[in-house]
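Engineer: Predicted coordinates and the sequence they were generated for:
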Amino acid sequence: MEEIGFLGMGIMGKAMAMNLLRNGFKVTVWNRTLSKCDELKEHGASVGESPAAVVKKCKYTFAMLSDPHAALSVVFDKHGVLEEICSGKGYIDMSTIDAETSSKVSKAVAEKGGAYLEAPVSGGKKAAADGQLISIVAGNKGLYEDILPAFDVLGKKSFFLGEVGEGARMKLVVNMIMGSMMGAFSEALALADKSGLSPQTLLDIVDLSALGNHLFSYKGPTMIQNDYSTAFPLKHQLKDMRMALALGDENDVSTPIAAAANEAYNKAVDSGLGDLDFSAVHVIFKVTEPST
Ligand code: NAP
């Protein structure tokens, strides 16, 4: 396969690029904070000096960036993707962003003759490292078919949904569920603890019951140890809840459960927990409200 470009060496991008290298792909990486490319370089990656330089060198360029602002900046700013994207090249943004942002990028790339896919993923740091992500893809079908070998290495399954926007919206709906579940779980763990019950016993009961799921069984044990080492930054969960609520508004769908969870993530970010794992939302439920 052709050399692959990869923009964004955060928690996810780094693990994904490393996985591509391990599986024999030639990869050129770029990150705004350049030092985050060092480890990739040690493992055989080339380093590009700008998004434009990466796109110039590579037929296909992936991006995994924090939010809509970053996604737009890497494409439209000076030395951005748009300067070098052209016919015969593909750009695949795997960041979790809203459909409007994705459509803006898609349109600009198409105007230069390039092909575009949005491909947000479900699955975190470990799934990224192990090639076990689920890619939620939409956009140019031809590009999707051309880069399937890369998707097959990055994840266990990819879904092609259709038009640009459908992948972005699906990912927001998925993360809205996750954010609400984590909010409910955190609240219950705090309630169990404060009412004199063993949180570990609660975990064991939930695990064996119809409520058992991978998220709770994976995060629960660390949460009750107050270990919130970052896998999925809480500030990104807040970003996703906000975009999901906006999607609800656009479609006149009431989302009161997600709205309540959103408030919890808001409070957590205000309390300085934004860079911890999203499970740190647990902390705000543990704080006893002063009695009036
Ligand atoms: P992260 O560790 O915070 O990394 C964010 C990346 O975006 C970094 O490379 C950062 O560069 C870059 N960035 C931020 N603002 C930028 C800007 N203005 N211009 C250029 N680059 C910019 O985040 P992550 O956990 O890897 O997540 C990346 C995306 O995947 C997010 O959309 C997230 O919602 C989604 N996601 C994450 C997970 C997860 O479990 N972590 C799972 C599924 C989906 P610097 O290093 O220079 O700051």
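Structural biologist: Yes, it's here.

Engineer: what's the burial count for the residue of the chain found nearest the ligand?
Structural biologist: Distances between the chain and the ligand by CB to the nearest ligand atom are smallest at residue 10, namely 1.8 Å. Where you see a C-beta, it was placed from the backbone N, CA and C, and this is true even at glycine. The tally of other residues near residue 10 (other CB atoms under 10 Å) stands at 20.

Engineer: if I read this right, it contacts residue 64, doesn't it?
Structural biologist: Yes. Taking contact to mean CB atoms under 8 Å, the distance of 6.7 Å between residue 10 and residue 64 places them in contact.

Engineer: What parts of the chain come near the ligand?
Structural biologist: The chain has residues 8-13, 31-33, 36, 64-67, 69-70, 73-74, 95-96, 121, 124-125, 231-233, 236 near the ligand, with proximity defined as CB under 6 Å from any ligand atom.

Engineer: are any of these buried, and which?
Structural biologist: Listed as buried from the residues of the chain next to the ligand are 8-13, 31, 36, 64-67, 70, 74, 95-96, 121, 124-125, 231-233, 236; burial here means 16 or more other CB atoms under 10 Å.

Engineer: So which of those residues sit within strands?
Structural biologist: If you go by DSSP state E, these have residue 121 in strands.

Engineer: residue contacts, the residue of the chain closest to the ligand?
Structural biologist: Residues counted as contacts of residue 10 (CB atoms under 8 Å, 6 or more residues apart in numbering) are 31, 36, 64-66.

Engineer: if you set the cut-off to 7 Å instead, what comes out?
Structural biologist: 64, 66 (CB atoms under 7 Å, 6 or more residues apart in numbering).

Engineer: What ranges does the stretch 1-150 of the chain have for its strands?
Structural biologist: 4-7, 27-30, 46-47, 60-63, 90-93, 115-118, 121-122, 133-139 (DSSP state E, counting those that start in this stretch).

Engineer: show me where pLDDT drops low in the stretch 1-150 of the chain?
Structural biologist: Segments of the stretch 1-150 of the chain classed as low confidence (criterion: pLDDT under 70) are not present in this model.

Engineer: Which parts of it are helices?
Structural biologist: Assigned by DSSP state H, counting those that start in this stretch, the helices in the stretch 1-150 of the chain fall at 11-22, 38-42, 51-57, 68-76, 99-111, 125-130, 141-146, 148-154.

Engineer: Turn those into TSV, including distance to residue 261.
Structural biologist: Compiled in TSV, these are given as follows (distance: least, CB to CB, whole Å):
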stretch	distance to residue 261
helix 11-22	22
helix 38-42	34
helix 51-57	34
helix 68-76	20
helix 99-111	21
helix 125-130	22
helix 141-146	33
helix 148-154	28
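
Engineer: do you know which of those helices lies nearest residue 255?
Structural biologist: helix 99-111 (16.4 Å; CB to CB).

Engineer: Residues touching stretch 177-190, excluding its own?
Structural biologist: Surrounding stretch 177-190, the residues in contact under the criterion CB under 7 Å, 6+ apart are 199, 202, 215-216, 223-224, 237, 240-241, 257-258, 260-261, 264-265, 278-279, 281-282, 285-286.
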